[in-house]
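Chemist: Output the structure for:
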Amino acid sequence: MSYLSRDLSVLAYANGFTLWHYTTPDTHTIVRVAGYFNAASHMLRLGDMILANTGVGGTPVSGIFLVNANAGGVVDTADLTQFGAADTD
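Modeler: Purely as a prediction, here's the structure:
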């Protein structure tokens with residue numbers, strides 16, 4: 001699959017920072033590749049954070065991506081910082 005604008009939404013905005021939410025059946029390793037969010041380059045800024053639910057409908061992985069580059073319409077995010085990676089029960 002690829003980026004779908006309907007699946008990216010604003011959760012909070014303040015002081016030039018936006019917290020986003022994104023949900024996708026794509027794996028987090030696909031989403032984190034430079035260029036995945038290019039269609040949203042006009043909205044995403046350096047330092048923005050994207051709470052993400054990836055692998056929806058398959059093997060879900062949730063976490064946060066940091067927008068660490070956006071130049072010339074090419075958006076790059078840092079690797080996913082995963083939530084709930086351990087379950088000791």
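
Chemist: contacts and neighbour counts: CA atoms only from here.
Modeler: OK.

Chemist: where along the chain do the helices fall?
Modeler: Under the criterion DSSP state H, the chain contains helices at 28-31.

Chemist: count of residues packed around residue 58?
Modeler: Residue 58: 10 surrounding residues under other CA atoms under 10 Å.

Chemist: In this structure it contacts residue 28, no?
Modeler: No - here residue 58 does not reach residue 28: they are 11.9 Å apart, not a contact under CA atoms under 8 Å.

Chemist: And residue 57, how close does it get to residue 24?
Modeler: As for residue 57, its distance to residue 24 is 9 Å (criterion: CA to CA, to the nearest Å).

Chemist: More neighbours: those two, which one.
Modeler: Applying other CA under 10 Å to residue 57 and residue 24 shows that residue 24 carries more neighbours, namely 20 against 9.

Chemist: Scan the protein for its longest strand.
Modeler: strand 61-71 (DSSP state E).

Chemist: hey, what's residue 77 bridged with?
Modeler: For residue 77, the beta-bridge partners under DSSP bridges are residue 67.

Chemist: Surely it and residue 68 touch.
Modeler: Yes - because the distance of 5.3 Å satisfies CA under 8 Å, residue 77 is recorded as touching residue 68.

Chemist: Show the backbone phi and psi for residue 57.
Modeler: The phi and psi values for residue 57, taken as degrees, to the nearest 10, are phi 90, psi 0.

Chemist: dump the residue contacts of it.
Modeler: By CA atoms under 8 Å, 6 or more residues apart in numbering, the residues touching residue 57 are residue 25.
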